[in-house]
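Novice: One predicted model, sequence on top.
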Amino acid sequence: MVSAARIRVILRRVPILILAIAVLAVGTAAVFHTPAMAQEEQRRGWSLRDLLFL
């Protein structure tokens with residue numbers, strides 16, 4: 001059986017673990033989102049897409 005002291009140590013570290021996972025998730029999302037924004041090209045004139053999907 002797990003001792004009370006061991007449970008206290010685990011419970012003390014849980015918020016740090018949750019914060020670390022949240023930071024990693026936000027960082028990963030930023031890495032995947034930034035290249036998509038950087039690849040958007042500026043529009044110059046009309047394209048076939050503009051004519052078909054007004």
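Specialist: Thanks, I have it.

Novice: Let's verify the spatially most central residue of the chain: helix, strand, or coil?
Specialist: Nearest to the geometric centre of the chain sits Ala29, at 2.2 Å (C-alpha atoms, centre = their mean). What DSSP: H, G, I helix; E, B strand; the rest coil gives for Ala29 is helix.

Novice: One more: Trp46?
Specialist: Applying three-state DSSP to Trp46 yields a three-state assignment of coil.

Novice: what residues are up against it?
Specialist: With contact set as C-beta atoms under 8 Å, 6 or more residues apart in numbering, Trp46 has no partners. Where C-beta positions appear, they are placed from N, C-alpha and C, glycine not excepted.

Novice: the helices in this protein, which residues?
Specialist: With DSSP state H as the criterion, the chain has helices at 4-38, 48-52.

Novice: next one: the longest one to chain centre, how far?
Specialist: Averaging C-alpha coordinates over helix 4-38 and over its chain gives two centres that are 10 Å apart (C-alpha atoms, centre = their mean, to the nearest Å).

Novice: Stretch 2-20 too?
Specialist: Put simply, stretch 2-20 sits 25 Å off its chain's centre (C-alpha atoms, centre = their mean).

Novice: Now it: buried residues?
Specialist: Judged by neighbour count using 16 or more other C-beta atoms under 10 Å, stretch 2-20 contains no buried positions.

Novice: Can you show me the CA trace of that stretch as CSV?
Specialist: Extracted in CSV, the C-alpha atoms of stretch 2-20 (Å, rounded to 0.1, in the frame of the first residue of the first chain):
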residue,chain,number,x,y,z
VAL,A,2,1.2,3.5,-0.8
SER,A,3,2.1,5.6,2.3
ALA,A,4,0.5,9.0,3.1
ALA,A,5,3.9,10.7,2.6
ARG,A,6,4.2,9.3,-0.9
ILE,A,7,0.7,10.5,-1.8
ARG,A,8,1.5,14.0,-0.5
VAL,A,9,4.6,14.2,-2.7
ILE,A,10,2.6,13.1,-5.8
LEU,A,11,-0.2,15.6,-5.1
ARG,A,12,2.3,18.3,-4.6
ARG,A,13,3.8,17.6,-8.1
VAL,A,14,0.5,17.3,-10.0
PRO,A,15,0.0,21.0,-10.6
ILE,A,16,3.5,21.4,-12.0
LEU,A,17,2.9,18.4,-14.3
ILE,A,18,-0.4,19.9,-15.5
LEU,A,19,1.3,23.3,-16.2
ALA,A,20,4.1,21.6,-18.1
